[in-house]
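**Student:** Got a predicted structure plus its sequence, pasted below:
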Amino acid sequence: MAIKTLEEKFIHSLGDIYDAEHRFLEAQQTLLESAHSTTVTQLLNTHIGETEQQIANLEQVFGIMGLKAKRVACDGAKGLVTEGNKLVKETSDVPALVDLAIAGGCSKVEHYEIASYRGLIMGAELMGQTEVARLLSENLRQEENTATTIESNMPDLLTKAMKTASKAA
Ligand SMILES: [Fe+2]
């Protein structure tokens, strides 16, 4: 369907991130089974809870706009999940590399979400949708915090991977 107005574009993008959040939720739940370190397990567990809350926030946003929540197939999210799962599989012989692959994949996902929410918030503000912008900002803040947490744990995960991977080689 052709998109002709800012509102239509906004609703499309909303459906897109709504689909993406569902895919990421499922992916995080699956990755939990592959994670080895407490750092990565905790990260996933915390963000699974937040992602569930974000999905509920998006449903509220749809409601405010007078719409039923609807997923629009998000190829970007699909690709990120496929890519992440592939790397986890390929590193499966070395636990520290699996953890690194999970953290790296999640970091890419967070940045995809950050870009999506920033765009949506700008659109909501332009349309004068204050409550929508507030709910989306809650999601954005969680994504930004998660990205920062992953980045601050990266040096440790890399060091661990360097030590064990060189032994495995
Ligand atoms: Fe996220």
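**Tutor:** Alright, I've got the coordinates. Numbers count the residues shown, from 1 in each chain.
**Student:** Show me what counts as buried in the helix or strand containing R23.
**Tutor:** Secondary structure assigned from DSSP states H and E places R23 in helix 6-31. Neighbour counts over helix 6-31 (16 or more other Cβ atoms under 10 Å) mark 10-11, 13-25, 27-28, 31 as buried. Yep, even glycine has a C-beta here, placed from its N, CA and C like the rest.
**Student:** And stretch 44-57, what's buried?
**Tutor:** Under the neighbour-count criterion of 16+ other Cβ under 10 Å, stretch 44-57 has L44, H47, I48, E50, T51, Q54, I55, N57 buried.
**Student:** and the helix holding R23, what other elements does it pack with?
**Tutor:** helix 38-64, helix 75-90, helix 95-126 (3 or more Cβ pairs under 8 Å, 6 or more residues apart in numbering; DSSP states H and E).
**Student:** Would you indicate which residues of the lowest-mean-pLDDT helix or strand in the chain are buried?
**Tutor:** Using mean pLDDT, DSSP states H and E, helix 130-168 stands out as the lowest-scoring helix or strand of the chain, at a mean of 93. Using 16+ other Cβ under 10 Å as the burial criterion, the residues of helix 130-168 that qualify are 132-133, 135-137, 139-140, 142-144, 146-147, 149-150, 153, 157, 160-161, 165.
**Student:** Could you list the residues of this protein in contact with the ion?
**Tutor:** Within reach of the ion by Cβ under 5 Å from the ion, the chain has these residues: E113, E143.
**Student:** Tell me, please, where in the chain the pLDDT is lower than the cut-off.
**Tutor:** 165-169 (pLDDT under 70).
**Student:** at 80 what do you get?
**Tutor:** Scanning the chain for pLDDT under 80 picks out the ranges 1, 165-169.
**Student:** Helix, strand or coil: sort out K70 for me.
**Tutor:** In three-state terms, and counting by DSSP: H, G, I helix; E, B strand; the rest coil, K70 is coil.
**Student:** For it, grab phi and psi.
**Tutor:** phi -140, psi 130 (degrees, to the nearest 10).
**Student:** How about it, nearest residue that isn't a chain neighbour?
**Tutor:** G15 (5.3 Å; Cβ to Cβ, 6 or more residues apart in numbering).
**Student:** How about E138?
**Tutor:** For E138, ignoring the flanking residues on the chain, the nearest one in space by Cβ to Cβ, 6+ apart is N57 at 5.9 Å.
**Student:** how close does the one you found get to the ion?
**Tutor:** According to Cβ to the ion, to the nearest Å, N57 stands 12 Å off from the ion.
**Student:** which ones are touching that residue?
**Tutor:** L135, L136, E138, N139 (Cβ atoms under 8 Å, 6 or more residues apart in numbering).
**Student:** If we only consider the residues you listed, which is nearest to the ion?
**Tutor:** N139 (8.1 Å; Cβ to the ion).
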